[in-house]
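1. Return a 3D structure for these sequence lines:
(one chain, ligands or ions: 3)
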Amino acid sequence: MSEAVTRIHVGGTAGTEPYEVLVGRQLLGELGALIGDTVKRVAVIHPEALAETGDALRQDLADQGYEAVAVQVPNAEEAKTAEVAAYCWKALGQSGFTRTDVIVGVGGGATTDLAGFVAATWLRGVRWIAVPTTVLGMVDAAVGGKTGINTAEGKNLVGSFHPPAGVLCDLAALDSLPVHDYVSGLAEIIKAGFIADPAILDLIEADPEAARTPAGPHTAELIERSIKVKAEVVSGDLKESGLREILNYGHTLAHAIEKNERYKWRHGAAVAVGMHFAAELGRLAGRLDDATADRHRTVLESVGLPLTYRYDQWPKLLETMKVDKKSRGDLLRFIVLDGLAKPTVLEGPDPAVLLAAYGEVAQ
Ligand SMILES: NC(=O)c1ccc[n+]([C@@H]2O[C@H](COP(=O)([O-])OP(=O)(O)OC[C@H]3O[C@@H](n4cnc5c(N)ncnc54)[C@H](O)[C@@H]3O)[C@@H](O)[C@H]2O)c1
Ligand SMILES: O=C(O)C(=O)C[C@@H](O)[C@H](O)[C@H](O)COP(=O)(O)O
Ligand SMILES: [Zn+2]
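-> Numbers count the residues shown, from 1 in each chain. Ligands and ions are numbered 1, 2, ... in the order given. Presented below is the predicted three-dimensional model:
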């Protein structure tokens, strides 16, 4: 008997097509139907760590009659560069990839961000399908159509809104994920809890140790709840003209830390520190109650996510935050909470308050 598959609808806005996020096991059988039978070529973009998966997928698609190529890219953030994107464009050009062909991005958020970006830019846009293989990819990166790469000046500074034609979250993929990467993905799940669905926080707090593994009793529920939060937000505001900014909770500082660490920190770890900072900022700005601010520390710490960063780095972090995508001219903007599940924008906070909030998270 096949296991249940959950289907989460993502609405099409800004002239884009709606699509579904499937969560379950053994989902790769769905790939052919998503690709469609009028397609001739498929490029499977995968990281080094998933070389076997990428090749198995390529073979499977070839057996189904597609001209399939596997394009291997570096692991993690090393894939999110202009050079790697150019390498992928070359592979597409050499295999005669046309506007009716399809890209499949298989891997973590870094791989799907790159694959989506390559799809957005090749011939000014071809269809793509995301097969996220990390928690973070499933609950966040693969859903919503933000695609992109990093530059020397900052995180995700080049990119495009280009939603996938479908997302397949095969929970079995999580069994091979190192615990460090599994836990990193919990940061975006906890983010979804604080900005929109506190039941997520209750589930994690009930047994934080169980939340750290794919074998935990609530794995599917945590993933599905987080995807639903993301799906609802991006269905209403694909291009981040307002509501979507709440998904950036904790990210203003997080992206500055990632750049400062030359992208060696996992995104989720940086988001954990960034949310701790945003909670303290909300508290010091008089928006957030003490209990909810403190809850950030306890829940993030309970699953083993970091809370602190180096005090002496503040001037550099502040400089980087100025080019955050939420900034408007010289105005820094942060997502903070007015209370649990009440995200809002804090514009141009007093520099002294910013520094005081950083003092709470700094070592
Ligand atoms: N587009 C968006 O909306 C969005 C949202 C959140 C995060 N992101 C981006 O996602 C990226 C982080 O994604 P991530 O946390 O998935 O990290 P990642 O993609 O860097 O993957 C982490 C590591 O795990 C490996 N890996 C992937 N799947 C595996 C598996 N099943 N088994 C073993 N190893 C596996 C990868 O090759 C990599 O080395 C960041 O670049 C972040 O900016 C994008
Ligand atoms: O989907 C969104 O919107 C988000 O902000 C989700 C974030 O978790 C994600 O890290 C995203 O890539 C950040 O986008 P950016 O526009 O700040 O680069
Ligand atoms: Zn993120």
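
2. shouldn't K326 be in contact with R333?
-> Yes. Contact criterion C-beta atoms under 8 Å: K326 and R333 qualify, at 4.4 Å. Glycine gets a C-beta too; all of them are placed from N, C-alpha and C.

3. Show me the shaky parts of the stretch 251-363 of the chain.
-> Along the stretch 251-363 of the chain, no part satisfies pLDDT under 70.

4. picking that back up, tell me, what's touching K326 and R333 both at once?
-> Residues touching both K326 and R333 by C-beta atoms under 8 Å, 6 or more residues apart in numbering: E245, T252, V345.

5. Return the closest of these with respect to K322.
-> T252 (10.1 Å; C-beta to C-beta).

6. who in this structure is up against ligand 2?
-> By C-beta under 6 Å from any ligand atom, the residues of the chain that approach ligand 2 are D140, G144, K146, K155, N156, E188, E240, R244, L247, N248, H251, K325.

7. Those residues of this structure touching ligand 1, which are they?
-> Residues of the chain lying close to ligand 1 by C-beta under 6 Å from any ligand atom are 47, 49-50, 75-77, 80, 107-111, 113, 133-134, 136-137, 140-141, 144, 146, 156, 173, 176-177, 181, 184-185, 188, 266-268.

8. Tell me which of the residues you listed fall in helices.
-> Using DSSP state H, the members of the residues of the chain next to ligand 1 that fall in helices are G109, A110, T111, D113, L136, D181, S184, G185, E188, H267, G268.

9. Wait, the third one touches E48, no?
-> Looking back up the chat, that one is T111. No. Look at T111 against E48 with C-beta under 8 Å: they stay out of range, at 10.1 Å.

10. Could you pull out the residues contacting both of those two?
-> V73.

11. more crowded one of those two?
-> Between T111 and E48, counted using other C-beta atoms under 10 Å, T111 has the larger neighbour count: 31 against 14.

12. give the contact list for the spatially most central residue of the chain.
-> Nearest to the geometric centre of the chain sits A141, at 2.6 Å (C-alpha atoms, centre = their mean). Going by C-beta under 8 Å, 6+ apart, A141 touches G108, G109, A110, T112, D113, P132.

13. burial count for E261?
-> With other C-beta under 10 Å as criterion, E261 counts 15.

14. Equivalent analysis for G107, please.
-> Neighbours around G107, by other C-beta under 10 Å: 31.

15. if I read this right, it contacts H46, doesn't it?
-> Yes. Shown here, G107 and H46 form a contact pair, counting by C-beta under 8 Å, at 5.5 Å.

16. ok, T6 - contacts?
-> Contacts of T6 (C-beta under 8 Å, 6+ apart): L22, V23, G24, A220, E224.

17. Can I get the strand or helix carrying L300 in PDB? Just the C-alpha atoms.
-> According to DSSP states H and E, L300 maps onto helix 290-302. Provided in PDB are the C-alpha atoms of helix 290-302 (Å, rounded to 0.1, in the frame of the first residue of the first chain):
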ATOM      1  CA  ASP A 290       9.400  39.600  27.300                       C
ATOM      2  CA  ALA A 291       7.900  36.100  27.300                       C
ATOM      3  CA  THR A 292       7.800  35.800  23.500                       C
ATOM      4  CA  ALA A 293      11.300  37.300  23.100                       C
ATOM      5  CA  ASP A 294      12.700  34.800  25.700                       C
ATOM      6  CA  ARG A 295      10.900  32.000  23.900                       C
ATOM      7  CA  HIS A 296      13.200  32.500  20.900                       C
ATOM      8  CA  ARG A 297      16.200  31.700  23.000                       C
ATOM      9  CA  THR A 298      14.700  28.600  24.600                       C
ATOM     10  CA  VAL A 299      13.300  27.000  21.500                       C
ATOM     11  CA  LEU A 300      16.300  27.700  19.300                       C
ATOM     12  CA  GLU A 301      18.700  26.500  22.000                       C
ATOM     13  CA  SER A 302      16.700  23.400  22.700                       C
END
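
18. contact partners of it?
-> 187, 190, 193-194, 201, 204-205, 208, 272, 275-276, 279-280, 282-283, 306-307, 337, 339-340.

19. Flag every buried residue along it.
-> By neighbour count on 16 or more other C-beta atoms under 10 Å, the buried set for helix 290-302 is T292, A293, R295, H296, R297, V299, L300, S302.

20. Okay then, goodbye and thanks.
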